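Chemist: need the 3D shape of this:
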Amino acid sequence: MIGYVTLGTNDLERAGKFYDQLLGELGASRMMDQDTFIAWGTAPGAPMLSVIKPFDGQAASVGNGVMVALLVDSREKVSALHAKALELGGADEGAPGERGAGFYAGYFRDHDGNKLNAFCLG
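Modeler: Model (predicted):
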């Protein structure tokens, strides 16, 4: 049902480098790359994540309560993705761990303050 999620950025080059490496851990690569936005995916037609300079020319800001969740297939990958985000200069928002029966997640923010998590079920 979700085609793509877009996050605002104030530094497209920096965001591009962050997500190239972070999403590369999931096998994603740039699917679209233009002057004002970049989108990553794993295959044509699969859901994508993108970053964009806001269309209205104003500064990008973080939405309170907004988060992008990245599904992975193991607890090890949750931990690896969380660690990669911190290695790339992201901020820790909650170390990987059990968040309820069968839900394992780690939370972090990118350089623009956008909140993401990596999670697995089971």
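Chemist: three-state assignment of the residue of the chain most remote from its centre?
Modeler: Within the chain, the residue lying farthest from the chain centre (C-alpha atoms, centre = their mean) is A101, at 23.9 Å. Secondary structure, DSSP: H, G, I helix; E, B strand; the rest coil: A101 is coil.
Chemist: please name the nearest non-neighbouring residue to A28.
Modeler: Excluding its sequence neighbours, the residue lying closest to A28 (C-beta to C-beta, 6 or more residues apart in numbering) is W40, at 4.4 Å. Yep, even glycine has a C-beta here, placed from its N, CA and C like the rest.
Chemist: what pLDDT is listed against the residue farthest from the centre of the chain?
Modeler: At A101, the pLDDT value in this model is 91.
Chemist: picking that back up, what residues are up against the residue nearest to A28?
Modeler: 19-20, 23, 28-31, 48-50 (C-beta atoms under 8 Å, 6 or more residues apart in numbering).
Chemist: and the helices in this structure, which stretches?
Modeler: Assignment of helices within the chain using DSSP state H yields the ranges 12-24, 75-87.
Chemist: now do the last one and helix 12-24, the angle between them.
Modeler: This means helix 75-87. Here helix 75-87 runs at an angle of 160 degrees relative to helix 12-24 (axes from the mean of the first three to the mean of the last three C-alpha atoms, to 10 degrees).
Chemist: by contact count, what packs against helix 75-87?
Modeler: Based on contacts counted as 3 or more C-beta pairs under 8 Å, 6 or more residues apart in numbering; DSSP states H and E, the elements that helix 75-87 packs against are helix 12-24, strand 91-98, strand 103-109, strand 115-121.
Chemist: quick revisit: wait, which of the helices of the chain is closest to D110?
Modeler: helix 12-24 (5.8 Å; C-beta to C-beta).
Chemist: give the rounded mean pLDDT of that closest one.
Modeler: Averaging pLDDT along helix 12-24 yields 98.
Chemist: CA atoms only: put it into CSV for me.
Modeler: Written as CSV, here are the backbone C-alpha positions of helix 12-24 (Å, rounded to 0.1, in the frame of the first residue of the first chain):
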residue,chain,number,x,y,z
LEU,A,12,20.6,17.2,0.2
GLU,A,13,24.2,16.2,-0.4
ARG,A,14,24.8,15.2,3.3
ALA,A,15,21.4,13.4,3.4
GLY,A,16,22.3,11.6,0.2
LYS,A,17,25.6,10.3,1.7
PHE,A,18,23.9,9.2,4.9
TYR,A,19,21.1,7.3,3.2
ASP,A,20,23.4,5.8,0.5
GLN,A,21,25.3,4.0,3.2
LEU,A,22,22.4,3.4,5.6
LEU,A,23,20.0,2.0,3.1
GLY,A,24,22.8,0.2,1.2
